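Student: Kindly return the folded structure for what I paste below:
(2 chains)
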Amino acid sequence: MIRSEILKEIAPILRDQLVVCNIGIPSQELHAIDDQPTNFYMLGTMGLASSIGLGLALSQPKPVIVIDGDGSILTNLGTLPTIANNVADNYILLIVDNGSYGSTGDQPTYAGKKTSLAAVAQACGCENVVECQAEDTGAALQAALDSGQMTIIVSKCESGNAKMPVITMDPVVIRDRFMKAVQAS
Amino acid sequence: MNIDKKITDDLVANDISFVTTVPCKQLAGVIDEIDAREDIFHVPSNKEDEGMGLCAGAWMGGKRPAIIMQNTAIGVTINTLATLIQYYRMPLPMLISYRGELREPVACQVEMAVHTKALLAQMNIPTYHFHHQADVEELDAILKYTFMCNKPVAILTDANFWGGYGDQ
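Tutor: Next up is the predicted model:
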């Protein structure tokens, strides 16, 4: 399975939740598969999806799912200690770990070599870390939502991208409709 | 006047309830004060761009954020300021320790000090420079201005403002 197949499979779970989605092709894929006002698409700023999602989870009570990538976590590796030490039980970090920088031409990441992001997350102090195969991502995500505990999911999948259009929505529109969705009861 | 308390009081009075910090010796007192306040959720961050991500999320979650950092961080956060805070039009007060100015003992700090205002100007970031302790009287108005215009705003606070740095 590649990332876009995972996103298609988990789209029904994501639909009713606040989602912060990683820069580049992941956001393009999610936008094309199931655009929702509850989705915050990152158009730039590689690495900060997990931080934005944590700030959001710490500031309001609704569940927040961050869809991140192994390359972006490696870019902002300092995020994992911050997550571990500021526990928000409405926070789920889903790392789609395809071992490559997908948006830039599938160059290999160290997560696809010797570095285990699940082990790094545990070493940083994250208490609920689940590593799963791509096919099991939906079940792991639903279990994390049901648990009501902060969870880090590392979903191991194949490298590759679906051909999706670039997001042309204005960033202020993305942000404004997302904030209205956050505030909606 | 206890300057750390005055700054923290202004943050609280402006409903700022989420503050992320990367430390600087000059900022130690205000960071301690913020950490002690029940009205403020304090999240130390490992790098300033990470901190800006946290602030962006907090703001979208309904809290007014602020970041406290050193001016060297301007070199770290240019991309985040342009593609996250400015692109999505978010307010972000940045209380910045302006190292490398008058009364600075560490020569290397001057190397980023000489670029700080030029970089902020290039980014079209409204910038205020606190040099005398009385300058803090403007902080309340600067915070109101920041949340009026939804922009990142820099408040540079130099060693003279803090009463000197180290033994000189």
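
Student: Quick check: buried residues in stretch A:74-90?
Tutor: Neighbour counts over stretch A:74-90 (16 or more other C-beta atoms under 10 Å in any protein chain shown) mark A:74-84, A:86, A:88, A:90 as buried. Every C-beta, even on glycine, is put in place using the N, C-alpha and C of the backbone.

Student: now the helices: where do they sit in chain B?
Tutor: Assigned by DSSP state H, chain B shows helices spanning B:3-13, B:28-36, B:48-60, B:74-80, B:107-122, B:139-149, B:159-162.

Student: ok, and what's touching the fourth one?
Tutor: Taking C-beta atoms under 8 Å, 6 or more residues apart in numbering or on different chains as the criterion, the residues outside helix B:74-80 that touch it are A:44-45, A:48, B:47-49, B:52-53, B:96, B:112, B:115-116, B:119-120, B:123, B:154.

Student: Just the buried ones from those residues, in ChimeraX syntax?
Tutor: Here is the ChimeraX selection string for the buried members of these, based on 16+ other C-beta under 10 Å:
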select /A:45,48 /B:47,48,49,52,53,96,112,116,119,120,123,154
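
Student: Just the closest of the contacts of helix B:74-80 to A:Gln28, please.
Tutor: A:Gly44 (13.2 Å; C-beta to C-beta).

Student: Double-check that closest one against B:Thr83; I have them as touching.
Tutor: Yes - between A:Gly44 and B:Thr83 there is a contact under C-beta atoms under 8 Å: 3.0 Å.

Student: Tell me the residues of chain B that contact chain A?
Tutor: Contact residues, chain B versus chain A (C-beta under 8 Å from any C-beta of the partner chain): B:18, B:41, B:43-47, B:49-63, B:65, B:79-80, B:82-84, B:87-90.

Student: can you do 7 Å?
Tutor: Within chain B, the residues that sit near chain A (C-beta under 7 Å from any C-beta of the partner chain) are B:18, B:41, B:43, B:45-47, B:49-50, B:53-58, B:60-63, B:79-80, B:83-84, B:87-89.

Student: Quick one, which of those are buried?
Tutor: For the residues of chain B next to chain A, buried by 16+ other C-beta under 10 Å: B:18, B:41, B:43, B:45-47, B:49-50, B:53-58, B:60-61, B:63, B:80, B:83-84, B:87-88.

Student: Excluding covalently adjacent residues, which one is nearest to the most centrally placed residue in chain B?
Tutor: Chain B has B:Leu95 as the residue nearest its centroid, 1.5 Å off, counting by C-alpha atoms, centre = their mean. Closest residue to B:Leu95 apart from its sequence neighbours, by C-beta to C-beta, 6 or more residues apart in numbering or on different chains: B:Ile68 at 4.7 Å.

Student: so what's A:Ser72 up against?
Tutor: Residues in contact with A:Ser72 (C-beta atoms under 7 Å, 6 or more residues apart in numbering or on different chains) are A:Asn22, A:Met46, A:Gly47, A:Ala49.

Student: Am I right that the second one is in a helix?
Tutor: Which is A:Met46. No - secondary structure of A:Met46 (DSSP: H, G, I helix; E, B strand; the rest coil): coil, not part of a helix.

Student: quick one: it and A:Thr75, what's the gap?
Tutor: 5 Å (C-beta to C-beta, to the nearest Å).

Student: Near chain B, which residues of chain A? Just list them.
Tutor: Near chain B, when you scan chain A using C-beta under 7 Å from any C-beta, you find A:43-45, A:48, A:51-56, A:58-60, A:76, A:78-79, A:81-82, A:86, A:171-172, A:175, A:178-179, A:182-183.

Student: which residues of chain A fall in helices?
Tutor: A:3-14, A:25-34, A:49-59, A:70-75, A:79-85, A:117-123, A:137-147, A:171-183.

Student: Against which helices or strands is the first one packed?
Tutor: Read it as helix A:3-14. Where contact means 3 or more C-beta pairs under 7 Å, 6 or more residues apart in numbering or on different chains; DSSP states H and E, helix A:3-14 is packed against helix A:25-34, helix A:137-147.
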